[in-house]
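K.L.:
Make a model of this:
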Amino acid sequence: MEKVMDIKKLMEEKIRVLNEAAKAYYVEGREIMSNFEYDKLYDELAELEKESGMILSGSPTQQVGYEVLSELPKEAHPSRMLSLDKTKDRDALSDWLGNQEGLLSWKLDGLTIVLTYRNQKLEKAVTRGNGEIGEVITQNAKTFVNLPLSIPFDGELVIRGEAVITYADFEKINESIPELDAKYKNPRNLCSGSVRQLNSKITAERKVRFYAFSLVSATNTPETSHGDSDGEQLDLFATPKSSSIDFSNSREEQMKWLISQGFDIVDYKRVNSANVVAAVGEFEKAIEENPVPSDGLVLTLDDIAYSASLGTTAKFPRDSIAFKWRDQIADTTLREIEWSASRTGLINPVAIFDPVELEGTTVSRASLHNISIMEELEIGIGDTVQVYKANMIIPQIAENLTRSGNLIVPENCPVCGKRAEIKAESGVKTLYCVNPECPAKKIKSFTHFVARDAMDVDGLSEMSIEKLIARGVLRTPADIFKMDRFKQEIVSMEGFGEKSYDKLVAAAEKASHTTPDRLLYALGVPGIGSANAKIIAKACENSWERMQNIGLAELQTIDGVGEVLARGYRDFFDNPDNQAVTKELLSVLKIDESFETGKDFMQGLTFVITGSLNHYANRDELVADLEACGAKVAGSVSSKTSYLINNDVSSSSGKNKKAKELGIPIIDEKQVLAWLEDGSLNN
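P.N.:
Next up is the predicted model:
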């Protein structure tokens with residue numbers, strides 16, 4: 001089994017590298033490996049697929065076309081799907097096991113899916129639907145990032161598992177959604193919508209993963225297909241039908257066999273009545289580190305024959321039971337309501353209360369979501385409230401014991417101070433800032449300002465910016481360099497602490513030492529990218545005053561700056577608001593305006609870079625050196641290219657071929673370094 005897992009990991013790594021190379025070449029117009037290297041890696045992957053009998057999702061050897069449907073096809077399950085009996089009593093698990101052994105696993109919080117493979121190929125994937133009729137999502141399942149499309153087993157295999165989206169991928173997807181009220185509430189909701197898409201291309205973009213938790217049947221004789229599951233993790237370890245494989249009457253052996261077929265399985269521990277309570281404790285400690293959402297545990301008997309003899313009740317199978325975490329509730333005193341503004345104008349109430357210990361961590365704040373919920377709880381400052389962690393992770397207010405209802409909804413936005421108004425939609429009351437110029441609505445401009453090619457404030461993510469703006473710490477770009485004034489506020493914020501604060505201040509201090517072209521690009525002048533910013537800075541000999549006051553006519557004499565771009569540039573710097581922002585920035589920044597004349601010996605030359613680099617850490621560093629000497633850097637080879645830089649001069653890559661066809665010299669990194677050191681092209 002270890003050998004199979006090693007082979008699978010090797011295949012996954014080759015798929016990752018090949019797909020990155022293909023994306024770079026076909027989508028981004030750049031080359032990160034030669035054709036020879038790509039073909040060699042491709043052949044190695046194909047050979048591994050042939051030897052192992054496994055073909056993983058995303059493999060470049062397969063072309064899984066996207067499919068768009070008007071509606072998902074429906075399919076009846078062979079029998080009604082059962083849910084699991086539940087308990088919150090750990091000792092009850094020990095009594096339930098008796099003298100049997102079992103498998104204790106995560107109860108994953110996603111969508112249960114049944115997969116049918118025939119003759120090594122994935123034939124069908126079906127959701128639970130309403131328990132009697134499911135939806136066929138086969139084409140969508142083929143896009144799950146870790147699902148084998150082909151397996152070594154020749155007969156018919158039917159398995160159940162959970163489709164999930166990890167917390168990390170959930171956060172990335174939510175960060176890409178600008179409207180706060182359009183963000184997904186939790187990974188399960190996102191997964192449900194992703195798996196049941198009519199366009200499988202959307203499913204592919206959501207990075208859905210599949211974890212097997214039950215083998216239903218593995219037979220050499222094809223049978224009628226088995227539909228299955230969705231919503232809750234149902235009838236989890238169903239008793240397998242007649243099998244042509246000897247699993248030694250053990251479900252654990254089935255799980256090990258599924259791994260040998262290329263499946264990722266749900267994490268589990270083998271337990272008995274003596275150690276099951278301790279095993280629950282181990283899972284509990286692992287909750288914070290678990291990358292996949294779960295809402296409890298599942299305990300199932302290992303003995304297949306004994307399980308079959310138990311049968312079912314009208315509602316539950318008798319061979320499995322779900323364990324749900326008992327919510328730990330603590331009483332505390334509400335001290336403050338923090339009103340947090342977002343980029344959409346929505347102002348969310350957050351409850352601040354005396355710190356309490358819940359599930360091993362200290363909690364002092366919880367979202368109240370909207371005004372309607374506040375009114376239902378009759379929230380007031382000084383009230384005694386009960387708090388808990390939903391699924392042991394997200395702090396929530398369960399009940400308000402004193403219900404004073406003395407809270408006054410603010411009339412003004414906490415960020416800009418302008419008027420706020422209450423809106424009621426679908427029976428839910430929310431508070432909004434109506435000021436279109438509110439800084440909270442300018443998250444994207446702040447994000448651009450701190451980006452790597454702009455001011456390069458390391459570690460200041462869009463999510464952190466949103467929190468800092470909502471707290472009133474950031475109002476203008478210059479505030480990024482004045483955060484030492486708000487140490488206590490930042491340290492007390494959720495997701496921050498002393499170390500985070502120190503790193504943030506250090507990153508801002510480092511970024512405050514900048515250059516005119518970086519500042520120009522960071523300001524977000526319409527049409528001015530990083531390349532244009534460098535050209536304008538050079539034309540003005542790195543004088544910020546000249547750059548800010550350069551006239552329309554002179555601007556249009558600069559290479560690459562036309563009339564439209566020049567007018568947009570002047571309109572930006574003639575705007576009083578922008579002048580105020582710039583003036584404040586100049587008071588906190590240290591701009592290096594040093595400028596070397598005569599260092600433009602590459603003026604008029606256009607370079608294209610391909611392949612790996614040896615001297616430079618990345619291409620951006622090489623591009624910066626070339627542009628500093630007057631050169632331009634393009635992404636693809638054309639008749640206007642002066643030199644192609646490739647350390648593998650004899651490579652048969654597409655760019656090398658085209659350069660040779662056009663008679664363009666191919667040089668290596670050493671030649672570039674020699675020219676830069678000499679300050680001329682004579683070397």
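K.L.:
how far away is residue 350 from residue 501?
P.N.:
19 Å (C-beta to C-beta, to the nearest Å). For every residue, glycine as well, the C-beta is placed using N, CA and C.
K.L.:
Of those two, which one has the most company?
P.N.:
Each of residue 350 and residue 501 has its neighbours counted (other C-beta atoms under 10 Å); residue 501 has more, 20 against 17.
K.L.:
could you point out which element follows the helix or strand in which the more buried one is found?
P.N.:
Applying DSSP states H and E as the criterion places residue 501 in helix 498-511. Sequence-wise, the next helix or strand downstream of helix 498-511 (DSSP H and E) is strand 513-514.
K.L.:
Can you mark which positions in the helix or strand just after that next one are buried?
P.N.:
Once the chain leaves strand 513-514, the next helix or strand it forms, by DSSP H and E, is helix 516-522. By 16 or more other C-beta atoms under 10 Å, the buried positions in helix 516-522 come out as 516, 517, 518, 519, 520, 521, 522.
K.L.:
One more: stretch 204-217?
P.N.:
204, 206-217.
K.L.:
Span of stretch 431-441 from start to end?
P.N.:
Length of stretch 431-441, first residue to last, C-alpha to C-alpha, to the nearest Å: 15 Å.
K.L.:
What residues sit buried inside it?
P.N.:
Neighbour count says stretch 431-441 has 431, 432, 433, 435, 438, 439, 440, 441 buried, by 16+ other C-beta under 10 Å.
K.L.:
Kindly report the same for stretch 494-512.
P.N.:
Buried residues in stretch 494-512 (16+ other C-beta under 10 Å): 496, 501, 504, 505, 507, 508, 511, 512.
K.L.:
And the average pLDDT for the helix or strand where residue 6 lies is what?
P.N.:
Element membership of residue 6, judged by DSSP H and E, is helix 2-26. Averaging pLDDT along helix 2-26 yields 77.
K.L.:
what about residue 171, neighbour count?
P.N.:
Look at residue 171: counted by other C-beta under 10 Å, it has 12 neighbours.
K.L.:
And for residue 50?
P.N.:
When neighbours are counted by other C-beta under 10 Å, residue 50 registers 11.
K.L.:
Sketch out the low-pLDDT regions of the stretch 1-150 of the chain for me.
P.N.:
Along the stretch 1-150 of the chain, the parts satisfying pLDDT under 70 run over 1-2, 23-39, 63-70, 79-81, 130-131.
K.L.:
all helices for it, in order.
P.N.:
2-26, 35-52, 90-97, 138-141 (DSSP state H, counting those that start in this stretch).
K.L.:
Next, format the buried residues of helix 516-522 as a markdown table and append pLDDT and distance to residue 18.
P.N.:
Below are the buried residues of helix 516-522 laid out as a markdown table (pLDDT from 0 to 100; distance: C-beta to C-beta, whole Å):
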| residue | pLDDT | distance to residue 18 |
| --- | --- | --- |
| 516 | 93 | 41 |
| 517 | 90 | 36 |
| 518 | 91 | 35 |
| 519 | 95 | 40 |
| 520 | 94 | 39 |
| 521 | 90 | 34 |
| 522 | 92 | 36 |
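K.L.:
which among these gets closest to residue 362?
P.N.:
residue 522 (37.5 Å; C-beta to C-beta).
K.L.:
is it true that that closest one touches residue 452?
P.N.:
No - counting by C-beta atoms under 8 Å, residue 522 sits too far from residue 452 to count as a contact (10.7 Å).
K.L.:
ok, back up a step: residue 549 is nearest to which of the helices of the stretch 1-150 of the chain?
P.N.:
Between residue 549 and those, the tightest spacing by C-beta to C-beta is seen for helix 2-26, at 40.7 Å.
K.L.:
buried sites along that closest one?
P.N.:
Here helix 2-26 shows 4, 7, 8, 11, 12, 14, 15, 17, 18, 21, 25 as buried, counting by 16+ other C-beta under 10 Å.
K.L.:
Rebuild those as CSV, extending it with distance to residue 367.
P.N.:
Shown next, in CSV, are these (distance: C-beta to C-beta, whole Å):
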residue, distance to residue 367
4, 45
7, 45
8, 40
11, 42
12, 37
14, 43
15, 39
17, 41
18, 43
21, 43
25, 45
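K.L.:
Kindly indicate which of those residues lies nearest residue 260.
P.N.:
residue 4 (4.7 Å).
K.L.:
And the closest residue to the closest one other than its chain neighbours, its phi and psi?
P.N.:
Of all residues not flanking residue 4 in the chain, residue 260 sits nearest, at 4.7 Å (C-beta to C-beta, 6 or more residues apart in numbering). Main-chain torsions, residue 260, degrees, to the nearest 10: phi -70, psi -20.
K.L.:
Now do residue 260 against residue 582, distance only.
P.N.:
64 Å.
K.L.:
again with residue 568
P.N.:
Applying C-beta to C-beta, the value for residue 568 to residue 582 is 16 Å.
K.L.:
close enough to count as contact, residue 653 and residue 611?
P.N.:
Yes - assessed by C-beta under 8 Å, residue 653 is found in contact with residue 611 at 7.3 Å.
K.L.:
for the closest residue to residue 454 other than its chain neighbours, what are its contacts?
P.N.:
Leaving aside its sequence neighbours, residue 454 sits nearest to residue 522 (C-beta to C-beta, 6+ apart; 3.5 Å). Listed by C-beta atoms under 8 Å, 6 or more residues apart in numbering, the contact set of residue 522 reads 448, 449, 450, 451, 454, 455, 477.
K.L.:
what's the nearest residue to the first one if we skip its chain neighbours?
P.N.:
So the one you mean is residue 448. Nearest to residue 448 is residue 524, by C-beta to C-beta, 6+ apart, at 5.5 Å.
K.L.:
Wasn't residue 289 part of a helix?
P.N.:
No - counting by DSSP: H, G, I helix; E, B strand; the rest coil, one finds residue 289 to be coil, located in no helix.
K.L.:
Number of residues surrounding it?
P.N.:
Using other C-beta under 10 Å, residue 289 has 6 other residues around it.
K.L.:
coming back round to it: kindly reformat the buried residues of stretch 204-217 as JSON lines and extend each row with distance to residue 661 and pLDDT.
P.N.:
Below are the buried residues of stretch 204-217 laid out as JSON lines (distance: C-beta to C-beta, whole Å; pLDDT from 0 to 100):
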{"residue": "204", "distance to residue 661": "36", "pLDDT": "87"}
{"residue": "206", "distance to residue 661": "42", "pLDDT": "89"}
{"residue": "207", "distance to residue 661": "40", "pLDDT": "90"}
{"residue": "208", "distance to residue 661": "43", "pLDDT": "94"}
{"residue": "209", "distance to residue 661": "44", "pLDDT": "94"}
{"residue": "210", "distance to residue 661": "46", "pLDDT": "96"}
{"residue": "211", "distance to residue 661": "50", "pLDDT": "96"}
{"residue": "212", "distance to residue 661": "51", "pLDDT": "95"}
{"residue": "213", "distance to residue 661": "56", "pLDDT": "94"}
{"residue": "214", "distance to residue 661": "58", "pLDDT": "91"}
{"residue": "215", "distance to residue 661": "56", "pLDDT": "92"}
{"residue": "216", "distance to residue 661": "58", "pLDDT": "88"}
{"residue": "217", "distance to residue 661": "58", "pLDDT": "87"}
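K.L.:
out of the residues you listed, who's nearest residue 659?
P.N.:
residue 204 (34.7 Å).
K.L.:
Assign a three-state SS to that closest one, would you?
P.N.:
For residue 204, the assignment made with three-state DSSP gives helix.
K.L.:
Residue 680 now?
P.N.:
Under three-state DSSP, residue 680 comes out as coil.
K.L.:
In this structure it contacts residue 600, no?
P.N.:
No - contact criterion C-beta under 8 Å: residue 680 and residue 600 do not qualify, at 11.1 Å.
K.L.:
Overlap in contacts, these two.
P.N.:
Counting by C-beta under 8 Å, 6+ apart, nothing touches both residue 680 and residue 600.
K.L.:
Contacts only, for residue 659.
P.N.:
Residue 659 touches 608, 637, 641, 644, 665, 666, counting by C-beta under 8 Å, 6+ apart.
K.L.:
just the residues you listed now: which is nearest residue 573?
P.N.:
For these, the residue nearest residue 573 by C-beta to C-beta is residue 608; the value is 33.6 Å.
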